[in-house]
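Enquirer: sequence unavailable; structure follows:
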Ligand code: BGC
């Protein structure tokens with residue numbers, strides 16, 4: 001859509017033009033209290049500031065609470081949905097705004113999977129399926145945080161049997177902000193064979209959170225196939241070419257262009273709510289997606305070493321949530337690009353494996369790189 005490293009260069013050039021040498025300076029990290037959960041556990045919030053960029057991450061759910069990014073004119077806006085206070089996240093049963101997702105991002109069919117001949121049963125929290133790790137996933141626990149260079153390190157120890165998943169799992173997530181990019185690095189170890197699929201569930205609107213829908217955002221996804229689903233959004237197991245379907249984002253298209261197409265998969269998702277099979281080699285950092293928002297000219301480039309990305313267009317938002325600054329979040333007022341292994345992989349031997357064994361280290365990196373386009 002734009003030159004390979006244009007967004008980064010555009011940001012630096014814009015920074016120089018606007019006389020913002022701080023853009024190259026080290027990121028400032030500040031810690032503050034963000035309240036308490038109903039059981040009295042203290043929650044902290046970390047503010048990462050780099051020039052005009054600012055990311056705020058709290059220890060409840062490891063949630064990215066806000067992300068301020070400059071537009072083409074240098075005006076900053078918060079580009080992720082969420083709530084102003086901790087209470088908002090807890091009381092409103094947040095649809096995973098900005099949260100860390102675990103142990104298993106997206107769905108596991110019928111809340112069950114078999115590993116080494118043993119069947120594991122998980123809580124069903126999405127009809128007959130398990131979504132985003134169960135009723136109390138990593139989005140609803142308090143992580144322990146500590147400041148690190150350019151960011152924050154969050155740690156959570158999930159006990160053996162947590163939400164039905166085997167093994168005591170130690171998870172470390174590092175959020176860092178540098179050169180206009182938010183980097184999320186996930187690591188984990190286990191003491192028993194288990195399955196794992198970690199992601200972040202930020203809802204983006206590059207025109208600014210609460211500023212209308214995302215239908216005119218231009219999107220490119222670097223995936224030639226996707227995993228079609230049944231009516232409960234469980235993959236059928238097929239890896240289907242996107243060619244000649246509304247899922248072909250190999251070249252840039254407005255998100256809204258085909259979102260209401262007469263297509264069974266679009267109907268099942270109520271829009272886009274699907275996993276793309278990324279073209280890059282698994283385990284190597286490669287491009288997942290690029291997004292351009294015409295009014296602000298903001299760009300977002302997503303890079304990951306994961307084999308898939310869930311593109312979700314906020315189809316379940318319905319105007320019943322009032323978020324930050326009193327903004328009402330209507331249908332399709334944001335999009336998610338959740339880098340991940342494919343949904344329901346533990347029940348699909350033909351999908352890349354999500355197993356983690358004792359002695360192995362889970363390690364994964366996703367980058368959300370912001371810039372502005374010159375056109
Ligand atoms: C899922 C959607 C779900 C959303 C919020 C996405 O990852 O694919 O179906 O509604 O998360 O829970």
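Expert: Now that the structure is in, tell me what you want to look at. Bear in mind that the values here come from a model prediction, so they are computed numbers and not experimental data.
Enquirer: need the residues of this structure near the ligand, please.
Expert: Residues of the chain lying close to the ligand by Cβ under 6 Å from any ligand atom are 95, 96, 106, 233, 273, 310, 312, 316, 338. For every residue, glycine as well, the C-beta is placed using N, CA and C.
Enquirer: bridging across strands, which residues link to the fifth one?
Expert: Counting by DSSP bridges, residue 273 is bridged to residue 312.
Enquirer: list the buried residues in stretch 294-309.
Expert: In terms of neighbour count (16 or more other Cβ atoms under 10 Å), stretch 294-309 has its buried residues at 296-309.
Enquirer: do stretch 112-124 as well
Expert: 112, 113, 115, 120, 122, 124.
Enquirer: any idea how far apart the tips of stretch 220-240 sit?
Expert: 18 Å (Cα to Cα, to the nearest Å).
Enquirer: next, the buried residues of it.
Expert: Applying 16+ other Cβ under 10 Å to stretch 220-240 flags 220-229, 233-235, 239-240 as buried.
Enquirer: check stretch 53-73 too.
Expert: For stretch 53-73, by 16+ other Cβ under 10 Å, it's 53-72.
Enquirer: end to end, how far does that stretch reach?
Expert: By Cα to Cα, one end of stretch 53-73 lies 14 Å from the other end.
Enquirer: now swap in stretch 58-66 and tell me
Expert: 10 Å.
Enquirer: that stretch - what's its average pLDDT?
Expert: The average of the pLDDT scores along stretch 58-66 is 98.
Enquirer: turn the residues of the chain next to the ligand into JSON lines, including distance to residue 195, secondary structure and pLDDT.
Expert: Formatted as JSON lines, the residues of the chain next to the ligand follow (distance: Cβ to Cβ, whole Å; DSSP: H, G, I helix; E, B strand; the rest coil; pLDDT from 0 to 100):
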{"residue": "95", "distance to residue 195": "23", "secondary structure": "coil", "pLDDT": "97"}
{"residue": "96", "distance to residue 195": "19", "secondary structure": "coil", "pLDDT": "98"}
{"residue": "106", "distance to residue 195": "12", "secondary structure": "coil", "pLDDT": "98"}
{"residue": "233", "distance to residue 195": "19", "secondary structure": "coil", "pLDDT": "98"}
{"residue": "273", "distance to residue 195": "22", "secondary structure": "strand", "pLDDT": "98"}
{"residue": "310", "distance to residue 195": "17", "secondary structure": "strand", "pLDDT": "98"}
{"residue": "312", "distance to residue 195": "21", "secondary structure": "strand", "pLDDT": "98"}
{"residue": "316", "distance to residue 195": "25", "secondary structure": "coil", "pLDDT": "94"}
{"residue": "338", "distance to residue 195": "17", "secondary structure": "strand", "pLDDT": "98"}
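Enquirer: mind picking the two most distant members of the buried residues of stretch 220-240?
Expert: The two members of the buried residues of stretch 220-240 with the most space between them (Cβ to Cβ) are 220 and 234, at 26.8 Å.
Enquirer: not counting its neighbours along the chain, what's nearest residue 317?
Expert: Distances taken as Cβ to Cβ, 6 or more residues apart in numbering put residue 329 closest to residue 317, at 4.9 Å, once the chain neighbours are dropped.
Enquirer: burial of the one you found, as a residue count?
Expert: A count of neighbours around residue 329, defined by other Cβ atoms under 10 Å, yields 24.
Enquirer: do the same with residue 350
Expert: Taking other Cβ under 10 Å as the criterion, the count of residues near residue 350 is 9.
Enquirer: cool, residue 213 as well?
Expert: For residue 213, using other Cβ under 10 Å, the count is 20.
Enquirer: mind listing what residue 277 touches?
Expert: Contact partners of residue 277, counting by Cβ atoms under 8 Å, 6 or more residues apart in numbering, are 223, 224, 225, 226, 227, 239, 307, 308, 342.
Enquirer: let me see the ranges of the helices in the stretch 201-350 of the chain.
Expert: Applying DSSP state H, counting those that start in this stretch to the stretch 201-350 of the chain gives helices spanning 264-269.
Enquirer: would you mind measuring from the closest residue to residue 105 other than its chain neighbours to residue 256?
Expert: Leaving aside its sequence neighbours, residue 105 sits nearest to residue 199 (Cβ to Cβ, 6+ apart; 4.1 Å). When distance is defined by Cβ to Cβ, to the nearest Å, residue 199 is 25 Å away from residue 256.
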